[in-house]
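Engineer: What shape does this take:
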Amino acid sequence: GCGCTYISLQMCLHEYLLESHQSSADFRFYIKNQSRDNVSRKQVRIYQLYSRTTGKHVQILGKKINANGEDGGKYALLVVETETFGSQIRIQGKESGYYICMDKSGKIIGKLNGSSPECVFVEEFLENNYTAFVSAKYKGWYLGFNRKGRPKKGMRTAQTQQEVHFMKRGLKGTVDPQEEFRFTTVTKRTRRARRLRPNLKTN
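Structural biologist: Coordinates of the predicted model:
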């Protein structure tokens, strides 16, 4: 944190040790209080997940999950619990009450009890303004859907595939407010229009 000259090196080191001691103390406190005070440690938000491959939204119907949900559809509203420490999340369908989980064969399934490690995902923010969700339990296996909106098996996914790219959106037609500062949405149509415009002028 501070620009260290040779003289202030010791002071910096002392400050760093204090900081790291403090954060480890905070973490111990967090673990200690986790069982007693679970609610205040979680952030809960409601949003939709727009699928890059289908152009529709992830929806949790129950045990079945797909990416064919309409914008604003009741099964497309997701309750996302984020742990205060780190970017681990659980994704629950607001209407169905089921959580998105991945079993040991890499299959995406809905479960009513989301406390299993199989129902925990880690958010990865990608350079192209999309977000990917990798299983916290099965490293390198992502939440993904094919062009028909069906879930892909975890072992057939990779971060570079469009099938695992999602955009967080608020309620119908809006970008999730906390994501808005990160990007502006550009549809395929406006990109195409920009490419065609110079040709129209020459005709």
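
Engineer: For the rest of this, base every contact and every neighbour count on C-alpha atoms.
Structural biologist: Fine.

Engineer: May I ask which helix or strand of this protein has the lowest mean pLDDT?
Structural biologist: Least confident element among the helices and strands of the chain, by mean pLDDT, DSSP states H and E: helix 188-202 (a mean of 46).

Engineer: who's in contact with the nearest residue to residue 108 once chain neighbours are set aside?
Structural biologist: Nearest residue to residue 108, sequence neighbours excluded (CA to CA, 6 or more residues apart in numbering): residue 102, at 4.6 Å. Counting by CA atoms under 8 Å, 6 or more residues apart in numbering, residue 102 touches 108-109, 118-119, 135, 154.

Engineer: likewise residue 106?
Structural biologist: Residue 106 neighbours (CA under 8 Å, 6+ apart): 141, 153-155.

Engineer: any weak-confidence spans in the protein?
Structural biologist: By pLDDT under 70, the low-scoring segments of the chain are 1-40, 84-86, 173-203.

Engineer: Can you show me the strands along it?
Structural biologist: Using DSSP state E, the strands of the chain run over 42-51, 57-60, 65-69, 78-83, 88-93, 99-102, 108-111, 121-125, 131-135, 166-169.

Engineer: For the ones you listed, give me a markdown table that also has distance to residue 145.
Structural biologist: Listed next are the strands of the chain as a markdown table, based on distance: least, CA to CA, whole Å:
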| stretch | distance to residue 145 |
| --- | --- |
| strand 42-51 | 8 |
| strand 57-60 | 9 |
| strand 65-69 | 6 |
| strand 78-83 | 17 |
| strand 88-93 | 16 |
| strand 99-102 | 13 |
| strand 108-111 | 10 |
| strand 121-125 | 15 |
| strand 131-135 | 12 |
| strand 166-169 | 10 |
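
Engineer: for these, which one sits closest to residue 146?
Structural biologist: Comparison of the strands of the chain against residue 146 by CA to CA identifies strand 65-69 as nearest, at 8.4 Å.

Engineer: per-domain residue ranges of the protein.
Structural biologist: For the chain, automatic domain parsing gives the domain ranges 1-37, 39-183.

Engineer: Tell me which of those domains is the most buried.
Structural biologist: Comparing those by mean neighbour count (mean count of other CA atoms under 10 Å), domain 39-183 ranks first with a mean of 19.

Engineer: if I read this right, residue 46 contacts residue 80, doesn't it?
Structural biologist: Yes - here residue 46 lies in contact with residue 80, judged by CA atoms under 8 Å, at a distance of 6.1 Å.

Engineer: quick one: the residue nearest to residue 108 from residue 171, how far?
Structural biologist: 26 Å (CA to CA, to the nearest Å).

Engineer: With residue 131 instead?
Structural biologist: According to CA to CA, residue 131 stands 18 Å off from residue 171.

Engineer: Then residue 76?
Structural biologist: Distance of residue 76 to residue 171, computed by CA to CA: 10 Å.

Engineer: shared neighbours of those two, anything?
Structural biologist: residue 48.

Engineer: Restricting the selection to alpha carbons, write stretch 140-151 to PDB.
Structural biologist: C-alpha atoms of stretch 140-151 as PDB (Å, rounded to 0.1, in the frame of the first residue of the first chain):
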ATOM      1  CA  GLY A 140     -12.700 -26.200 -14.500                       C
ATOM      2  CA  TRP A 141     -16.300 -27.300 -15.000                       C
ATOM      3  CA  TYR A 142     -18.700 -24.500 -15.900                       C
ATOM      4  CA  LEU A 143     -22.400 -23.800 -16.000                       C
ATOM      5  CA  GLY A 144     -23.200 -23.800 -19.700                       C
ATOM      6  CA  PHE A 145     -26.000 -24.300 -22.200                       C
ATOM      7  CA  ASN A 146     -26.000 -25.300 -25.900                       C
ATOM      8  CA  ARG A 147     -27.800 -23.500 -28.700                       C
ATOM      9  CA  LYS A 148     -31.100 -25.300 -27.900                       C
ATOM     10  CA  GLY A 149     -30.800 -24.100 -24.300                       C
ATOM     11  CA  ARG A 150     -30.100 -27.500 -22.800                       C
ATOM     12  CA  PRO A 151     -27.400 -27.700 -20.000                       C
END
